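1. Output the structure for:
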Amino acid sequence: MLKRPELILASSSPRRRELLDRVRITPVVQPADIDETPQAGETPKQLVERLSLQKAATVAAGDDAARNDVVIGADTTIDLDGVSLGKPEDDDEARAMLRSLSGRSHRVFTGVSVVAGSVSHTAASTSEITFRPLTDHEIDWYVATGEPQGKAGAYALQGASEMFITEIVGSYSGVIGLPLSLLDDLLGRLGRPLLSWARPREVADA
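-> Okay, here's the model as predicted:
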């Protein structure tokens, strides 16, 4: 007998877990350990779609996943003039990334994949972010907060960097790392939309 299906998130990102929690979903967290190096000639959109699928497929093929489980994979990158800006290696690289974003618009791609057994669906959300011009003092201050580390493009939309952003066009949750509307569509193709995984509302005491 198959066990009750579980929704598995192939990511250790607390931001992705928080987004799912907003719709009362608590996934099983099983991060995927894969090589995230871009391939030659790969566009930022192709990169996040490939990595999101690879993450989900890796976890789905693992010993801990049952064939009726559904695995979510996601990957986010910044596209600046066709070049992917991933996570900075150190504070100096974070400063360089922020200087390159200063006073300009860039695109944020988040690839999402869902895998259930031998079936998979993949797509990517695209958003555009505009930064106002930043001073060196502002960049140094922001890097000192530690927030840029571990973030694609060296900033977190839901953090202190909001003071630098003048416009957002597209999916807010996609920029954070998991576009909920797109995820709902992909899960719906499997017959298991987001709300089918949601915890029931607590019943208030009479």
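
2. Check what contacts the lowest-mean-pLDDT helix or strand in the chain and list those residues.
-> One helix or strand of the chain scores below all others by mean pLDDT, DSSP states H and E: strand 83-85, with a mean of 88. Counting contacts by Cβ atoms under 8 Å, 6 or more residues apart in numbering, the residues outside strand 83-85 that touch it are 38, 44, 47, 77-79, 97, 100-101, 106, 152-154. Every residue, glycine included, has its C-beta placed from N, CA and C.

3. try 10 Å
-> Residues outside strand 83-85 that contact it (Cβ atoms under 10 Å, 6 or more residues apart in numbering): 38, 42-48, 77-79, 93, 96-97, 100-101, 106, 108-109, 151-155.

4. Among the residues you listed, which are located in helices?
-> Residues from the contacts of strand 83-85 lying in helices, with DSSP state H as the criterion: Pro44, Lys45, Gln46, Leu47, Val48, Glu93, Ala96, Met97, Ser100, Leu101.

5. Save these as a markdown table, and put in neighbour count and pLDDT too.
-> Rendered in a markdown table, the data for the ones in helices among the contacts of strand 83-85 read as follows (neighbours: other Cβ atoms under 10 Å; pLDDT from 0 to 100):
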| residue | neighbour count | pLDDT |
| --- | --- | --- |
| Pro44 | 26 | 90 |
| Lys45 | 19 | 93 |
| Gln46 | 16 | 94 |
| Leu47 | 22 | 94 |
| Val48 | 28 | 95 |
| Glu93 | 17 | 97 |
| Ala96 | 14 | 97 |
| Met97 | 24 | 96 |
| Ser100 | 18 | 97 |
| Leu101 | 24 | 97 |
